[in-house]
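Engineer: From the sequence below, what's the structure:
(chains A and B)
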Amino acid sequence: MKKMNSPKFLNYETRPLKFTERKMLLASLTRIVNYFKNDYQYVGFGGVAFTDFKLFHKELHINEMFSIEGGSKISIEKLNFNAPFSFIKIYKKLSTEALVDISLEKKSLIWLDYDGTLENCFFNDIRSLFSKLPEGSIYIVTCNRELKQKESGEEYTTEQFQEVFGDLVPFKLKNKDFTSKNNHSTLRKMFLSHIENVLDERKTTGLSLKFNQLFNILYQENRGAKMYTFGGVITKSDFDLNEIDLKDFDFINKDETTYNLEIPNFTRKEIDLVDSHLLNKEEELLEKKIITESELKRYKKTYKFLPNFFDVRV
Amino acid sequence: MNKNIIQGSPTKTFFIEMITRDISIKDAILDLLDNSIDGANNLNSDSYAGLYVDLTINENEFIVKDNCGGFSLEIAQKYAFRFGRPDDAPVTEGSIGRFGVGMKRALFKIGNIFEVESKTTSDHFQVNVKVNEWKKKKTKIKNEDGEELTVEDWNFNYNDITPQTSNLTENGTFIKVTELNNEVSTFFKEDSFLNDLKDDIERLLNFSIEKGLEINLNGVSLSKKGIVLFNDESKPYYYEYEFEGVSVKIIAGLSYVGEPSKSGWYIYCNDRLVLEADRSDITCWGTKGIPKWHVNFVMFRGIIFFDSKETIKLPLTTTKKGIDASSEIYLKSKFYMREAMNSVLTFLKEISKLGSDANDYRKVLAEQEDKISVKDLKSYITPDIRKFITPNLMIDAISEKNDFARISFNVDRNIANKAKSYSETRTYKELGKYIFDYYIKMEEIEEDE
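Structural biologist: Purely as a prediction, here's the structure:
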């Protein structure tokens, strides 16, 4: 159940952090998808931009794609018109309903990029997905990580939170679990424990699967919302995740450690300068006093995935 | 004789008290009806047409008479009057009795004198018992050391039937209890008890009534009371599987909105309703992300059929009220129950977002959709497994509701009236809208589109 009104106002393609995150995910997904011998379907919230769809079709060679759109502002005609490929099937209905229509028994890459804050439907979707998805499937969720009430916009009290989310809330919940510093860890606990619950129950059907967390990413677009991305891959219970080579990606986190996605604000000339000194001549670079050590550190975390924006005539 | 003995054998008085304590009178009667239905099931499991059970209940006597085939002398000798089912008892197909206490417990619960007559193609016999006398009966046995001991005599005696004493012309069972226990006698003369019993039978045994069994209570013919599911544009969630000799079928969907007490889960074991309209954590409500029951979920109905040739494998409790929630067979079904609830309840939550139009929508749905009965659901099959197909929800209407906010405030009536005439609006509602539009215009606030 997604109220997707944001794509009308903002093109995701020009949000640099979003862009960077997408490229990072892609880099690691390529290896996972390859390990599990490809042949995936993609389920996402394409909006009207379909940025992730374009990327995953071209880079991951996924040819079966489903876009879910639960908002009312955009007509089905407009959605279909904007779909870049004819094989993208668009569902204009709540995600929980749409997920019933899609054959989730097939190996899937799922990225549910909710643009709002936490709602119960996130958990409905988790149950729908994890009841059926097979080994090799990838689940990613992105949302605004602030734990605020929908109507008033005020931070929850523990009682209100419990009222809304029932037995999904972590045991020993405290008010400080809703603060900016901790809200993502509350979200992670809730997602993870619900996923594990469903997979545990599913074991009674004779299939023993586990969820391996890979993504625990925080970012905040310039003056934008504070976002959180959580995700991972479903494997057989006895699977050793080290089988998939992901060790050179420092944004992969298998535990509660977060990856804070930040990008430095460099000029074009500075970027050229830094690139020409990377790895071998970094001391020399810092001696020039043009960029600071922390800027360099930040740049090194993300430079492989950074976007380049140009103003061109088409 | 060995003097160092501490008596460990149970007394009959203790035993009777224990087994009759945790069963209500109504459930005891239903237990006897279950025996009749087991008989009917043995005759023809597809249809009970032509078979009847007559119940006579008043402050002096209790009578059950059926033409459902009766039970043989061998069954009576080996099992029906034994306390507890022997390990080598044969498997009775589709039956509901399993612990070997049902009939005796019911009879002890009701009164002091009972007679049980049974007629089959081969036998016709009768067992007469005066419980108070039977309790005192002792017998002498020899133990392994050859010593003679006096112990409780648990045996019953049977008599062959003479035409004068016969109550049965067709194959069947005749049970009569007299010298009713005091509290039982009090219940049996109350209309409210009879009405409750009628309702219980109609609901709990609706399957058998639907299969054609005629049940009469003091001459009143009982009719089935079952639930229905919508099955048209919306399709119920459906899944079935076998697990260790039990076939399990799980169905969940929507039904009428006007019957809140009928909302919830229904569990049938070999066609006998053992859990009805359950809205507790036993049927997953309020657990593992499934919300607690709420009035928004009134339309929810879920049904589970557990069927097995071996009754012992069913998740039944001895009183047949409720289920053995910790049994493996039931725990496994919870995965599918939650999957079904996940879809159906999400849909119902969406309906409630229609606000004041929600109830109209729910009623329209009830008018439009075809209904399917519990009995027909039992043979329901669809290729769309594990999917609840929602009816076309007016998603735009719901979203539109979400897009509007209601603003209200109180102001001084005199000033409001002046403003109303100044703005040439007729009602306060119109005035409110006028004021809002005026503000938006003057502040040059534009809609974000």
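Engineer: can you pull the contacts of B:Pro163?
Structural biologist: Neighbour list for B:Pro163: empty [criterion: Cβ atoms under 8 Å, 6 or more residues apart in numbering or on different chains]. All C-beta spots, glycine's among them, are computed from the backbone N, C-alpha and C.
Engineer: Likewise for A:Leu55?
Structural biologist: Neighbours of A:Leu55 in contact, by Cβ under 8 Å, 6+ apart: A:Arg22, A:Leu26.
Engineer: Can I get the helix or strand encompassing it in PDB? Just the C-alpha atoms.
Structural biologist: Assigning secondary structure by DSSP states H and E places A:Leu55 in helix A:51-60. Only the C-alpha atoms of helix A:51-60 are listed here, as PDB (Å, rounded to 0.1, in the frame of the first residue of the first chain):
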ATOM      1  CA  THR A  51      14.700   4.500 -13.000                       C
ATOM      2  CA  ASP A  52      15.400   1.200 -11.100                       C
ATOM      3  CA  PHE A  53      13.600  -0.800 -13.900                       C
ATOM      4  CA  LYS A  54      15.800   0.700 -16.600                       C
ATOM      5  CA  LEU A  55      18.900   0.000 -14.600                       C
ATOM      6  CA  PHE A  56      18.100  -3.500 -13.600                       C
ATOM      7  CA  HIS A  57      16.900  -4.500 -17.100                       C
ATOM      8  CA  LYS A  58      20.000  -3.200 -18.700                       C
ATOM      9  CA  GLU A  59      22.500  -4.200 -16.100                       C
ATOM     10  CA  LEU A  60      21.000  -7.400 -14.600                       C
END
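Engineer: Give me the mean pLDDT for that helix.
Structural biologist: Across helix A:51-60, the average pLDDT comes to 95.
Engineer: Report all helices and strands that the next helix or strand after that helix contacts.
Structural biologist: Counting by DSSP H and E, the next helix or strand C-terminal to helix A:51-60 is strand A:64-68. Packing partners of strand A:64-68 (3 or more Cβ pairs under 8 Å, 6 or more residues apart in numbering or on different chains; DSSP states H and E): strand A:41-44, helix A:51-60, strand A:88-91, helix A:95-101.
Engineer: okay if I get those as JSON lines plus distance to B:Ser343?
Structural biologist: JSON lines is the format used below for those (distance: least, Cβ to Cβ, whole Å):
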{"stretch": "strand A:41-44", "distance to B:Ser343": "16"}
{"stretch": "helix A:51-60", "distance to B:Ser343": "26"}
{"stretch": "strand A:88-91", "distance to B:Ser343": "15"}
{"stretch": "helix A:95-101", "distance to B:Ser343": "6"}
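Engineer: Between the ones you listed, which one is closest to B:Ile445.
Structural biologist: Minimum separation from B:Ile445 across those (Cβ to Cβ) falls at helix A:51-60, 31.1 Å.
Engineer: tilt between that closest one and strand A:64-68?
Structural biologist: For helix A:51-60 against strand A:64-68, the angle by axes from the mean of the first three to the mean of the last three Cα atoms, to 10 degrees is 170 degrees.
Engineer: Now do the domain split for chain A, please.
Structural biologist: A:6-261, A:268-305 (automatic domain parsing).
Engineer: that older thread, tell me which of the helices and strands packed on strand A:64-68 sits nearest to B:Glu240.
Structural biologist: That would be helix A:95-101 among these, by Cβ to Cβ, at 18.2 Å.
Engineer: Let's see that closest one as PDB, backbone CA atoms only.
Structural biologist: Presented in PDB, the C-alpha positions along helix A:95-101 are these (Å, rounded to 0.1, in the frame of the first residue of the first chain):
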ATOM      1  CA  SER A  95       1.100  -3.600  -2.800                       C
ATOM      2  CA  THR A  96      -0.300  -6.300  -0.600                       C
ATOM      3  CA  GLU A  97      -3.000  -7.000  -3.200                       C
ATOM      4  CA  ALA A  98      -0.600  -6.800  -6.100                       C
ATOM      5  CA  LEU A  99       1.800  -9.200  -4.400                       C
ATOM      6  CA  VAL A 100      -1.000 -11.800  -4.500                       C
ATOM      7  CA  ASP A 101      -1.200 -11.500  -8.300                       C
END
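Engineer: tell me which residues form a beta bridge with the residue lying closest to A:Asn253 once chain neighbours are set aside?
Structural biologist: Among residues not flanking A:Asn253 along the chain, A:Asn216 sits closest, at 4.4 Å (Cβ to Cβ, 6 or more residues apart in numbering or on different chains). Beta-bridge pairing for A:Asn216 (DSSP bridges): A:Phe230.
Engineer: hang on, the earlier thing: any idea how far the helix holding A:Leu55 is from the middle of the chain?
Structural biologist: How far helix A:51-60 lies from its chain's middle: 15 Å, per Cα atoms, centre = their mean, to the nearest Å.
Engineer: With stretch A:220-237 instead?
Structural biologist: Its chain's C-alpha centre and that of stretch A:220-237 lie 4 Å apart, by Cα atoms, centre = their mean.
Engineer: Would you map the strands across the stretch 101-250 of chain A?
Structural biologist: With strands called from DSSP state E, counting those that start in this stretch, the stretch 101-250 of chain A shows them at A:108-113, A:138-144, A:209-220, A:226-236.
Engineer: Any buried residues in the third one, and which?
Structural biologist: Spelled out, it's strand A:209-220. Using 16 or more other Cβ atoms under 10 Å in any protein chain shown as the test for burial, strand A:209-220 gives A:Leu209, A:Lys210, A:Phe211, A:Asn212, A:Gln213, A:Leu214, A:Phe215, A:Asn216, A:Ile217, A:Leu218, A:Tyr219.
Engineer: from those residues, which is closest to chain B?
Structural biologist: A:Leu209 (12.7 Å; Cβ to the nearest Cβ).
Engineer: Provide a list of residues in contact with that closest one.
Structural biologist: A:Leu209 touches A:Glu135, A:Leu199, A:Arg202, A:Lys203, A:Ile234, A:Thr235, A:Lys236, A:Ser237, counting by Cβ under 8 Å, 6+ apart.
Engineer: Top of those by number of neighbours, please.
Structural biologist: A:Ile234 (23 neighbours; other Cβ atoms under 10 Å in any protein chain shown).
Engineer: State the pLDDT value of that one.
Structural biologist: With respect to pLDDT, A:Ile234 scores 97.
Engineer: go on, B:Asn182?
Structural biologist: pLDDT for B:Asn182: 92.
Engineer: Give me the neighbour count for it.
Structural biologist: Neighbours around B:Asn182, by other Cβ under 10 Å: 8.
Engineer: Can you name the next helix or strand after the helix or strand where B:Asn417 lies?
Structural biologist: Per DSSP H and E: B:Asn417 is located in helix B:413-422. Moving toward the C-terminus from helix B:413-422, the next helix or strand (DSSP H and E) is helix B:428-442.
Engineer: what comes up buried for that next one?
Structural biologist: B:Leu431, B:Gly432, B:Tyr434, B:Ile435.
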